[in-house]
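>>> can't give you the sequence, but here's the structure:
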């Protein structure tokens, strides 16, 4: 599958897998990324967000910045 608006660019480019974008959490806060059944695969957003709601809004409204490198 070719990378699309709802799939992770870095997951596709570096892991050769098409995974849906979603809000994930790390020690640094919430971010937009991808995961599979084993856990996180890629952090796609430059930004970290302090709350789940802020990250979800950024994903929904496409107001986040795509990382270009892992």
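Sure thing, it's come through. Since the model is a prediction, treat every value here as computed from it, not as a measurement.
>>> so where's the chain uncertain?
1-4 (pLDDT under 70).
>>> what about the helices in it?
Under the criterion DSSP state H, the chain contains helices at 9-15, 52-61.
>>> who are the packing partners of the last one?
So the one you mean is helix 52-61. Under the contact criterion of 3 or more C-beta pairs under 8 Å, 6 or more residues apart in numbering; DSSP states H and E, the helices and strands touching helix 52-61 comprise strand 22-26, strand 29-36. Every C-beta, even on glycine, is put in place using the N, C-alpha and C of the backbone.
>>> and the contacts of that helix?
Contact with helix 52-61 is made by 21-23, 25, 29-32, 45, 47, 49, 63-64, as judged by C-beta atoms under 8 Å, 6 or more residues apart in numbering.
>>> that older thread, can I get the helices and strands packed on helix 52-61 in a markdown table including mean neighbour count?
Below are the helices and strands packed on helix 52-61 laid out as a markdown table (neighbours: other C-beta atoms under 10 Å):
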| stretch | mean neighbour count |
| --- | --- |
| strand 22-26 | 16 |
| strand 29-36 | 20 |
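>>> and those strands as JSON lines, adding distance to residue 56?
Putting the helices and strands packed on helix 52-61 into JSON lines (distance: least, C-beta to C-beta, whole Å) gives the following:
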{"stretch": "strand 22-26", "distance to residue 56": "5"}
{"stretch": "strand 29-36", "distance to residue 56": "8"}
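>>> closest one to residue 8 among the ones you listed?
Closest of these to residue 8 is strand 29-36, at 3.8 Å (criterion: C-beta to C-beta).
>>> give me the angle between the closest one and helix 52-61.
For strand 29-36 against helix 52-61, the angle by axes from the mean of the first three to the mean of the last three C-alpha atoms, to 10 degrees is 60 degrees.
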